[in-house]
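S.K.: here you go, sequence then predicted model.
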Amino acid sequence: MAFVCLADFQKKAETILEKSSLEYFQSGAGDELTLSLNREAFKRLRIRPRFLRNITKLNTTTTILGCEVKWPLGISPCANQRLAHPDGEIGTARATGKTGGIFILSTGSNTPMEEVAKGAPDTHKWFNLYIYKDRLLTESLVRRAEKSNYKAIVLTIDSQISGQRRADIRNKFSLPPNLSFANFSDSKASTVKSSGAGSGLSEYFSSLFDPTITWKDVEWLVKMTNLPIIVKGVLTREDAILAKEFGCKGIIVSNHGARQLDSVPATIEALPEIVDAVGNDLPVMMDGGIMDGNDMLKALALGAKMVFIGRAAVWGLACNGQKGVEEMLSILKKDFEVVMSLSGCLNLKSIQPNLVAHESTYAKL
Ligand SMILES: Cc1cc2nc3c(=O)[nH]c(=O)nc-3n(C[C@H](O)[C@H](O)[C@H](O)COP(=O)(O)O)c2cc1C
């Protein structure tokens, strides 16, 4: 099967992955209302293209928090990538480097962060942090990320406990014996195993992540390291303003791929109010539901400086390891370039809010 778009990788991955892994990657929380919304909301936006502009010199490069990237696309942190393919996080990180984006490594990586750094030295890498009850352990993750040349800490703020992912509860999700959260040597922090009552991941969150954290702890983190702190999971202007006040250097508008609280807005819906609140002061980025160049363009038009994909990278990985992610990214890049050209946008600065209109603008016709 020749792959033409990202959905092709998903279809193929669905035939390859074993049920519990597939459902772990695919599913959202609750009734999965937000999971559908993340895709549907993009469809409600129309592109208003401008023509007769010489489009021969297209420039997709930008700089984000000191990282020069070839295009505004990165890989969101996704735990457990070796469940998709033995190439795992190193394969995804290398593929990301080849296309010139940013790779965010999850705390719940199946490969230690030092090995990913060694395996993909030329890739811009950020480290995704969860705050554990054990603060010394949390701090040690930050110190190791600093040493291994990760360029930012991406703090997930939407997951003090796990969302109710029904598929994982039904499947009593556990990692197979050959895989672990490899950033940890201590077996309590490295093992994801259901006790038999439900999702092992949910049990992991409840026993190890700190449910008491507040913005004061964000301040603690900001003071602890010279790396920029980016908060991931912001969905409201109020929290965006707090992120700025507490010293964060960037925001990722995200609903965790609809895996945490269901019924929250699609990220493309939440993006404008956050850009409006802090977009002049901090880079606002987003992820959630991006599957093609049109989606990327719409998010950038509404003010995102960079967009990220989660599951799509996993589908590429499942299909053909590192090579699958490379192929997926090159298809997405080509698509983005075509969409930019056909919209008359020669560079990222020319992608402005008036490039998109909500479908209601045209509803009376
Ligand atoms: C299998 C899987 C694992 C994830 N693990 C993490 C994680 O460790 N940390 C985190 O902040 N977000 C995690 N996420 C959420 C992603 O970072 C991202 O927000 C989401 O996947 C984006 O939506 P998309 O999959 O529609 O592109 C995970 C998502 C998936 C699908």
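M.R.: That came through fine.

S.K.: residues of the protein that sit close to the ligand?
M.R.: 25, 38, 76-79, 106, 108, 128, 156, 232, 254, 256-257, 259, 287-290, 309-312 (CB under 6 Å from any ligand atom). All C-beta spots, glycine's among them, are computed from the backbone N, C-alpha and C.

S.K.: which ones are touching whatever residue of the chain ends up closest to the ligand?
M.R.: Nearest residue of the chain to the ligand (CB to the nearest ligand atom) works out as residue 310 at 2.1 Å. Neighbouring residues of residue 310 by CB atoms under 8 Å, 6 or more residues apart in numbering: 75-78, 257, 287-288.

S.K.: coming back round to it: please list the members of the residues of the chain next to the ligand that lie in strands.
M.R.: Counting by DSSP state E, the residues of the chain next to the ligand place 128, 156, 232, 287, 309 in strands.

S.K.: make sure residue 337 is indeed in a helix.
M.R.: Yes: under DSSP: H, G, I helix; E, B strand; the rest coil, residue 337 sits within a helix.

S.K.: and the spatially closest residue to it that is not a sequence neighbour, what does it touch?
M.R.: Closest residue in space to residue 337, ignoring its immediate chain neighbours: residue 58 at 5.9 Å, by CB to CB, 6 or more residues apart in numbering. Applying CB under 8 Å, 6+ apart, we find residue 58 in contact with 337, 340-341, 346-347.

S.K.: of all the ones in strands among the residues of the chain next to the ligand, which two lie farthest apart?
M.R.: The most widely separated members of these, counting by CB to CB, are 156 and 309 (16.5 Å).

S.K.: the more surrounded of the two?
M.R.: residue 309 (27 against 21; other CB atoms under 10 Å).

S.K.: contacting residues for that one?
M.R.: Residues in contact with residue 309 (CB under 8 Å, 6+ apart) are 6, 73-76, 287, 290-291, 332.

S.K.: let's see 6 Å
M.R.: residue 290 (CB atoms under 6 Å, 6 or more residues apart in numbering).

S.K.: and the closest residue in space to residue 359 that isn't next to it in sequence, how many neighbours does it have?
M.R.: Distances taken as CB to CB, 6+ apart place residue 44 nearest to residue 359, at 4.7 Å, with adjacent residues excluded. Neighbourhood size, residue 44 [other CB under 10 Å]: 14.

S.K.: I'd say residue 106 and residue 81 touch.
M.R.: No: with contacts defined as CB atoms under 6 Å, residue 106 does not count as touching residue 81, sitting 8.1 Å away.

S.K.: helix, strand or coil for residue 74?
M.R.: Three-state assignment for residue 74 (three-state DSSP): strand.

S.K.: over to the closest residue to it other than its chain neighbours: give its phi and psi.
M.R.: Closest residue to residue 74 apart from its sequence neighbours, by CB to CB, 6+ apart: residue 102 at 3.6 Å. For residue 102, the backbone dihedrals are phi -120, psi 140 (criterion: degrees, to the nearest 10).

S.K.: around residue 102, how many other residues sit close by?
M.R.: 25.

S.K.: tell me the contacts of it?
M.R.: Applying CB under 6 Å, 6+ apart to residue 102 gives the contacts 67, 74, 124.

S.K.: residue 354 - nearest residue in space that isn't next to it in sequence?
M.R.: The shortest distance from residue 354 to any residue other than its chain neighbours is 6.7 Å, reached at residue 48 (CB to CB, 6+ apart).

S.K.: I meant to write residue 188 there.
M.R.: Ranked by CB to CB, 6+ apart and with sequence neighbours excluded, the top spatial neighbour of residue 188 is residue 208, at 7.2 Å.

S.K.: now do that neighbour, the pLDDT please.
M.R.: In this model, residue 208 is scored at 98, pLDDT.

S.K.: that one and residue 11, how far apart?
M.R.: Residue 208 sits 35 Å away from residue 11, going by CB to CB, to the nearest Å.

S.K.: so the two - more neighbours on which side?
M.R.: Per other CB under 10 Å, whichever of residue 208 and residue 11 has more neighbours is residue 208, with 16 against 13.

S.K.: so that one sits right up against residue 134, yeah?
M.R.: No: with contact defined as CB under 6 Å, residue 208 does not reach residue 134; the gap is 7.6 Å.

S.K.: next, count neighbours for residue 132.
M.R.: As a measure of burial, residue 132 has 19 neighbours, counting by other CB under 10 Å.

S.K.: contacts only, for residue 125.
M.R.: So residue 125 contacts 103, 150 (CB under 6 Å, 6+ apart).

S.K.: name the element the nearest residue to residue 283 once chain neighbours are set aside belongs to?
M.R.: Nearest non-adjacent residue to residue 283, counting by CB to CB, 6+ apart: residue 305, 4.2 Å away. In the assignment (DSSP states H and E), residue 305 maps to no helix and no strand.

S.K.: where exactly do the helices run in the stretch 201-350 of the chain?
M.R.: Using DSSP state H, counting those that start in this stretch, the helices of the stretch 201-350 of the chain run over residues 215-224, 237-245, 267-278, 293-301, 311-343.

S.K.: do you know which of the ones you listed lies nearest residue 118?
M.R.: Closest approach to residue 118 among these is made by helix 311-343 (15.0 Å; CB to CB).

S.K.: what's that closest one packed up against?
M.R.: If contacts are counted by 3 or more CB pairs under 6 Å, 6 or more residues apart in numbering; DSSP states H and E, helix 311-343 sits against helix 6-16, helix 88-99, helix 293-301.
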